[in-house]
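Colleague: Could you look at this predicted model? Sequence included:
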Amino acid sequence: MTDDAPAPPETQGPQSDDHQPDGPSDPEKDGLADLLDGAAAEPTWSERLRRTAGRLVFWRSGRTRLDRSEIHLGARRDRFSLRDLFAEAAHGIGAKPGRLVLTILGTVLGIGSVVVTVGLAQTAAGQISAQFDAVSATQALVQPGTTGSSWSGNARPKTSLPWDAPERVLRLNGVEGAGMLGTVDIKDAAVTAVPVNDPSAPKVVSPSVVAASGGLLDAVRGEVVTGRFFDDRHSERADRVVVLGQRAADQLGLSRVESQPSIFIGDDSYTVVGIVDAMQRRPDLLDSVILPLGTARADFGLTSAEEMHLRIATGSGPLISQQVPIALDPNTPENFEVKAPAQASELRQAVQADINAIFLALGGVALLVGGLGIANVTLLSVMERRGEIGLRRALGASKKNIAGQFVVESVVIGMLGGLIGAAIGVFVVVGVSILKDWTAILDVRMALGAAAMGGVIGLVAGLYPAMKASAIEPITALRGGI
């Protein structure tokens with residue numbers, strides 16, 4: 001602009017009375033004009049210039065050329081609202097859909113892993129708890145007390161179990177099954193499927209022989225593979241019948257009992273009436289030949305049973321421990337020992353805690369990976385948008401605006417990934433539970449918290465990239481190109 005050139009309308013001197021600016025007087029601008037060394041000054045009335053510059057320009061009256069020292073820039077007005085912040089963040093998120101999908105995928109995997117691991121941990125712990133309740137928490141063992149030390153080998157039983165012990169304890173509340181078991185001494189007799197009298201034949205290891213009452217199979221949760229289990233009538237008559245464990249039957253070459261096969265204990269023949277399997281409480285019985293108690297007393301001189309197994313109701317262990325010794329011997333109940341589960345199984349709780357710790361550790365690693373993925377992608381985005389950041393800074397955007405935009409982008413990405421990951425995790429837990437016929441156990445608060453956790457991870461992961469973005473100087477960024 002030269003001295004002779006007419007000044008543009010926005011920079012004209014004092015206005016005459018018949019050429020007043022459009023619009024009412026602005027007290028704020030009038031007050032700012034009075035600050036210019038007491039000289040008469042007036043602001044521009046160009047709304048276009050004000051909207052473009054975002055600031056007020058003042059000059060001295062009557063001058064068409066303005067020195068830099070004679071221009072006063074008014075206080076900058078922050079026009080970057082919260083709505084603008086979210087709009088810019090949404091534009092930045094949707095600018096590259098492919099990268100957005102990959103970034104969200106990392107968070108989805110992280111949050112989904114947490115929901116799946118915690119959900120499966122709770123479900124598995126529930127199944128373990130059910131298994132403990134089904135086996136350990138519903139089993140009790142009764143044995144005669146001993147005197148002496150087992151370390152020195154002179155331990156002797158104080159008493160013996162009465163032959164009618166199962167009938168006595170079955171009258172107690174909480175006892176659902178009872179069966180006695182004792183070891184039979186067959187001396188040097190061999191157990192074979194056919195009698196062998198060949199002295200030159202090599203010796204083979206015979207299955208062990210035990211005696212049991214008719215209720216033992218139910219007490220130890222056994223299953224009959226073929227045939228049947230003997231009952232108390234066989235014991236009362238001292239019938240020469242036996243039941244084989246599955247592995248003992250395989251050793252003796254027997255698989256079916258329809259033809260009433262026999263085995264030999266020494267020279268005596270015993271009819272096989274059944275083959276059993278799945279002895280959950282006493283799996284060693286699968287290698288044994290099981291006789292009725294009465295038969296063992298008559299043929300081998302069995303004097304007493306060594307132990308009695310009980311199947312009890314869940315939670316009745318403490319009560320059974322007190323009542324069974326009295327039912328067996330009211331005068332000296334201290335002569336019997338009862339091993340019954342406590343009200344809460346410490347072993348079950350320990351296993352449950354270990355599983356929870358393992359799965360939570362895996363979930364934490366998955367979350368860390370997801371957070372690092374967001375941080376890396378956001379930092380890469382900052383590097384690629386240096387020109388955009390510099391241009392916005394040159395046009396008046398503050399460091400706070402730049403940092404806020406990238407933080408919002410990271411939080412939104414984290415929340416999207418958290419919502420999708422939590423939903424997928426819930427479906428996976430339910431699906432696995434259906435396939436395994438389990439009862440799905442999943443805390444709804446944990447699923448909702450995992451979705452919110454995605455936003456928190458995005459916030460933490462976006463802090464450093466946001467600080468890097470806000471620290472970029474406009475001139476440095478613009479030199480690198482837009």
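Modeller: Great, that's in hand. Numbers count the residues shown, from 1 in each chain.

Colleague: For the stretch 351-482 of the chain, which segments count as helices?
Modeller: Taking DSSP state H, counting those that start in this stretch, the helices of the stretch 351-482 of the chain run over residues 386-394, 399-436, 444-470, 474-479.

Colleague: and of those, who's closest to Val175?
Modeller: Proximity to Val175 (CB to CB) singles out helix 399-436 among the helices of the stretch 351-482 of the chain, at 32.3 Å. Where you see a C-beta, it was placed from the backbone N, CA and C, and this is true even at glycine.

Colleague: tell me how far that closest one is from the chain's mean position?
Modeller: 17 Å (CA atoms, centre = their mean, to the nearest Å).

Colleague: Burial check on Gly266, number of neighbours?
Modeller: Neighbour count of Gly266, defined by other CB atoms under 10 Å: 15.

Colleague: Distance-wise, check it relative to Gly145.
Modeller: Gly266 sits 34 Å away from Gly145, going by CB to CB, to the nearest Å.

Colleague: where does the stretch 1-150 of the chain dip in pLDDT?
Modeller: 1-81, 84-85, 89, 92-95, 128-136, 148-150 (pLDDT under 70).

Colleague: Include mean neighbour count, distance to Ala278 and mean pLDDT when you put the helices of the stretch 351-482 of the chain into a markdown table, please.
Modeller: Formatted as a markdown table, those follow (neighbours: other CB atoms under 10 Å; distance: least, CB to CB, whole Å; pLDDT from 0 to 100):
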| stretch | mean neighbour count | distance to Ala278 | mean pLDDT |
| --- | --- | --- | --- |
| helix 386-394 | 19 | 70 | 74 |
| helix 399-436 | 21 | 20 | 85 |
| helix 444-470 | 20 | 37 | 81 |
| helix 474-479 | 14 | 74 | 67 |
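
Colleague: Please identify which of these is closest to Pro162.
Modeller: Judging the helices of the stretch 351-482 of the chain by CB to CB, what sits closest to Pro162 is helix 399-436, at 44.8 Å.

Colleague: Next, the angle helix 444-470 makes with the closest one.
Modeller: 150 degrees (axes from the mean of the first three to the mean of the last three CA atoms, to 10 degrees).

Colleague: Tell me where the stretch 101-250 of the chain has strands.
Modeller: Secondary structure of the stretch 101-250 of the chain (DSSP state E, counting those that start in this stretch): strands at 139-144, 146-147, 156-157, 175-183, 191-192, 208-212, 223-227, 241-245.

Colleague: Once you drop chain neighbours, what's closest to Pro166?
Modeller: Ala178 (3.9 Å; CB to CB, 6 or more residues apart in numbering).

Colleague: Beta-bridge partners for that neighbour, please?
Modeller: Beta-bridge partners recorded for Ala178 (DSSP bridges): Leu310.

Colleague: hang on, the earlier thing: Val205 is nearest to which of the helices of the stretch 351-482 of the chain?
Modeller: If we rank those by CB to CB, the stretch that ends up nearest is helix 399-436, at 39.5 Å.

Colleague: orientation of that closest one relative to helix 386-394 in degrees?
Modeller: 130 degrees.

Colleague: What is helix 399-436 packed up against?
Modeller: helix 82-94, helix 97-134, helix 346-384, helix 386-394, helix 444-470 (3 or more CB pairs under 8 Å, 6 or more residues apart in numbering; DSSP states H and E).

Colleague: if we can go back for a sec, quick one, which of the helices of the stretch 351-482 of the chain is nearest to Ile275?
Modeller: helix 399-436 (29.7 Å).

Colleague: isn't Leu319 right next to Ala140, touching?
Modeller: No: contact criterion CB atoms under 8 Å: Leu319 and Ala140 do not qualify, at 10.6 Å.

Colleague: Turn the strands of the stretch 101-250 of the chain into JSON lines, including distance to Gly414 and mean neighbour count.
Modeller: Below are the strands of the stretch 101-250 of the chain laid out as JSON lines (distance: least, CB to CB, whole Å; neighbours: other CB atoms under 10 Å):
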{"stretch": "strand 139-144", "distance to Gly414": "50", "mean neighbour count": "20"}
{"stretch": "strand 146-147", "distance to Gly414": "65", "mean neighbour count": "12"}
{"stretch": "strand 156-157", "distance to Gly414": "68", "mean neighbour count": "12"}
{"stretch": "strand 175-183", "distance to Gly414": "54", "mean neighbour count": "21"}
{"stretch": "strand 191-192", "distance to Gly414": "70", "mean neighbour count": "20"}
{"stretch": "strand 208-212", "distance to Gly414": "63", "mean neighbour count": "23"}
{"stretch": "strand 223-227", "distance to Gly414": "53", "mean neighbour count": "16"}
{"stretch": "strand 241-245", "distance to Gly414": "59", "mean neighbour count": "26"}
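
Colleague: Out of these, which gets nearest to Val411?
Modeller: The nearest among the strands of the stretch 101-250 of the chain, by CB to CB, is strand 139-144 at 54.0 Å.

Colleague: any idea what sits nearest Val194, other than its immediate chain neighbours?
Modeller: According to CB to CB, 6+ apart, the nearest residue to Val194 is Phe264 (7.1 Å).

Colleague: circling back to that earlier point, so for Gly174, which of the helices of the stretch 351-482 of the chain sits nearest?
Modeller: That would be, of the helices of the stretch 351-482 of the chain and by CB to CB, helix 399-436, which comes in at 30.9 Å.

Colleague: quick one: the closest one to helix 97-134, angle?
Modeller: Interaxial angle, helix 399-436 versus helix 97-134 (the same axes, to 10 degrees): 40 degrees.

Colleague: tell me the angle helix 399-436 makes with helix 346-384.
Modeller: 140 degrees.

Colleague: Residue nearest the middle of the protein, spatially speaking?
Modeller: Closest residue to the average C-alpha location of the chain: Val118 at 1.6 Å, with CA atoms, centre = their mean.

Colleague: so how far is Leu362 from that residue?
Modeller: Taken as CB to CB, the span from Val118 to Leu362 is 10 Å.

Colleague: Same question for Leu372.
Modeller: For Leu372, the distance to Leu362 - CB to CB - is 16 Å.

Colleague: ok so, going back, beta partners of the residue nearest to Val194?
Modeller: Thr192, Ser269.

Colleague: who's in contact with it?
Modeller: The contact partners of Phe264, taken as CB atoms under 8 Å, 6 or more residues apart in numbering, are 190-195, 270.

Colleague: Name the weakest-confidence residue in those residues, if you would.
Modeller: Ranked by pLDDT, the contacts of Phe264 bottom out at Pro195 (67).

Colleague: how near is Leu217 to Asp250?
Modeller: 19 Å.

Colleague: of the two, who's got more company?
Modeller: Leu217 (24 against 14).

Colleague: Flag the shaky bits of the stretch 251-400 of the chain, pLDDT-wise.
Modeller: Using pLDDT under 70, the stretch 251-400 of the chain drops low at 342-352, 355-356.

Colleague: switch the cut-off to 90
Modeller: 253, 255-256, 259-260, 266-267, 278-283, 313-319, 340-400 (pLDDT under 90).

Colleague: which residues sit against stretch 449-468?
Modeller: Counting by CB under 8 Å, 6+ apart, 107, 110-111, 114-115, 367, 370-372, 374-375, 378-379, 381-382, 402-407, 409-419, 421-422, 425 sit against stretch 449-468.
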